[in-house]
Structure formats: structure tokens, C-alpha cells
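Could you look at this predicted model? Sequence included:
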Amino acid sequence: MGDELQSGNAPEGDGFVSIDGYKLFRARYAKSMSFADLAAASGVSKGYLWKLENGEHKRPTARLLGDIAEALGIKPTGLMPDEPNGQAA
């Protein structure tokens with residue numbers, strides 16, 4: 001699950017990164033996944049996923065972001081906030 005981190009799709013290592021909760025919601029919804037489905041596929045608890053999606057926690061580790069993105073079938077950068085100039089963070 002950590003291969004995305006080494007391929008340049010997300011920051012390397014276990015540093016903390018920003019996540020856009022609404023992008024997480026949209027990706028999960030697009031895949032018709034419940035919190036339980038995504039939790040099972042990513043190895044991240046339902047409660048933590050809920051906190052990420054609802055903005056209660058906005059800085060998961062890069063590895064965790066990669067695991068969630070892999071479970072959703074997208075690049076980790078697809079869950080990160082956009083910069084004001086339209087560039088991905």
C-alpha cells in the first residue's frame with residue numbers, strides 16, 4: 001500500500017499532509033463506498049475516516065493518505081486541497 005509514496009504521487013515518508021474532506025467524501029461517494037467499506041479496504045478506522053471527511057482532523061500521515069487513496073483507486077494528490085492558484089498541494 002505504500003508504493004504511491006515512493007512513486008511521487010504523495011509526499012514521501014510518514015510526514016503529515018493536508019487532506020480535503022470534501023474530496024474524500026466525493027471520492028467515497030463516487031465509488032458507492034460506506035465508511036465501513038472504505039475502512040475495510042484501507043485499514044483505517046471508520047471513526048478516523050469520518051473525522052477526516054468532516055474536517056475534524058485535516059493532517060493524516062502521507063502513508064495513511066496513500067492507503068486511503070489506494071482503496072479508492074485514485075492518486076493521493078486527488079485527496080489533497082488545491083492551492084489558491086489551482087495547483088495541487
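Thanks, I have the structure now.

how much space between residue 58 and residue 69?
16 Å (CB to CB, to the nearest Å). No exception for glycine: its C-beta is placed from N, CA and C like everyone else's.

sorry, that was for residue 18
As judged by CB to CB, residue 18 and residue 69 stand 13 Å apart.

Which of those two has more residues huddled nearby?
Neighbour count, other CB atoms under 10 Å: between residue 18 and residue 69, residue 69 has more, with 24 against 12.

Residues in contact with the helix or strand residue 47 falls within: which ones?
Element membership for residue 47, per DSSP states H and E: helix 46-53. The contact list for helix 46-53 (CB atoms under 8 Å, 6 or more residues apart in numbering) reads 19, 21, 24-25, 28, 35-36, 38-39, 42, 56-58, 60, 68.

Just the buried residues of stretch 72-88, please?
Within stretch 72-88, the residues that count as buried by 16 or more other CB atoms under 10 Å are 72, 74-80.

What average pLDDT does the helix holding residue 47 get?
Averaging pLDDT along helix 46-53 gives 97.

now that helix, how far from the centre of its chain.
Its chain's C-alpha centre and that of helix 46-53 lie 11 Å apart, by CA atoms, centre = their mean, to the nearest Å.

Any stretches of the chain with poor pLDDT?
Where the chain drops to pLDDT under 70, the residues are 1-14, 84-89.

Can you list phi and psi of the spatially most central residue of it for me?
Geometric centre of the chain, nearest residue: residue 65, 3.9 Å, by CA atoms, centre = their mean. When read as degrees, to the nearest 10, the backbone of residue 65 gives phi -60, psi -40.

wait, doesn't it sit right on residue 79?
Yes. At 6.2 Å, residue 65 counts as touching residue 79 under the criterion of CB atoms under 8 Å.

which residues are in contact with both of these two?
Taking CB under 8 Å, 6+ apart as the criterion, residue 65 and residue 79 both touch residue 19.
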